[in-house]
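Asker: Here is a sequence with its predicted model. Questions after.
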Amino acid sequence: NLCPPGQAAVAGTAVYMAPEAFDGQSGSAMDMFALGLSILHSMTNAVPWSHLSITHLYGLVFHLCKFKPWHPIPQGLPAQLTDFIRKCIDPQPAMRPTVHALLGHPFLSDIPEHPSFKIHPYPLMATEADPAQELVDIPVIHI
C-alpha cells in the first residue's frame with residue numbers, strides 16, 4: 001500500500017494514474033488525467049512515462065509521487081488535441097476540467113472543413129530517432 005495509514009488505497013494501472021492517486025486521493029479529476037494519457041498513448045503508440053526509461057514500477061511511482069511532473073506532449077499533433085490533452089494531464093487536480101467542460105472543448109466541438117490528421121505509426125517518445133518514420137494520414141469520416 002503506497003498510501004499513509006488511514007487513507008484508502010486506489011487501484012489502477014500505474015502509468016495512467018494521476019499523481020494524487022499515490023497519496024490515496026480519488027475523484028473525477030483522476031479520470032480526466034487517465035483520459036489524457038490514454039489519448040496520448042493512442043496517438044503516439046508510446047506507453048505513458050516510457051520516455052523516462054524507468055524500468056521498475058516502484059521507481060516510476062516514486063518519481064511521479066515526488067516530482068508530480070508534466071508528461072510531455074509531442075509536437076506535430078493538432079493544436080486543439082494538444083490543448084485537450086494538456087488540460088487533462090495537468091498535475092494539479094483542481095486545474096483539470098470536468099467532463100462537462102471537456103464536452104465544450106474545441107477539439108470535440110469544432111469540425112474542420114477537411115478533417116484528417118497525421119499520426120506517427122511508431123512511438124514518438126522513442127529514445128533513438130528512426131529516420132524511416134513517416135506520417136500516416138488518417139481521414140476522419142462522418143456518418
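Answerer: It's in.

Asker: Cys88 and Ile39 touch, don't they?
Answerer: Yes - contact criterion CB atoms under 8 Å: Cys88 and Ile39 qualify, at 7.4 Å. The C-beta positions use only the backbone N, C-alpha and C, and glycine is treated the same way.

Asker: Which of those two has more residues huddled nearby?
Answerer: Cys88 (23 against 17; other CB atoms under 10 Å).

Asker: so what's that one up against?
Answerer: By CB atoms under 8 Å, 6 or more residues apart in numbering, the contact list for Cys88 reads 32-33, 35-37, 39, 96-97, 102.

Asker: could you dump these to JSON lines with pLDDT and distance to Tyr16?
Answerer: Formatted as JSON lines, those follow (pLDDT from 0 to 100; distance: CB to CB, whole Å):
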{"residue": "Met32", "pLDDT": "96", "distance to Tyr16": "11"}
{"residue": "Phe33", "pLDDT": "96", "distance to Tyr16": "8"}
{"residue": "Leu35", "pLDDT": "96", "distance to Tyr16": "9"}
{"residue": "Gly36", "pLDDT": "96", "distance to Tyr16": "9"}
{"residue": "Leu37", "pLDDT": "96", "distance to Tyr16": "5"}
{"residue": "Ile39", "pLDDT": "93", "distance to Tyr16": "11"}
{"residue": "Arg96", "pLDDT": "97", "distance to Tyr16": "14"}
{"residue": "Pro97", "pLDDT": "96", "distance to Tyr16": "17"}
{"residue": "Leu102", "pLDDT": "91", "distance to Tyr16": "17"}
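
Asker: Please convert the buried members of those residues into PyMOL selection syntax.
Answerer: Buried residues among the contacts of Cys88 (16 or more other CB atoms under 10 Å), as a PyMOL selection:
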select buried, resi 32+33+35+36+37+39+96+97+102
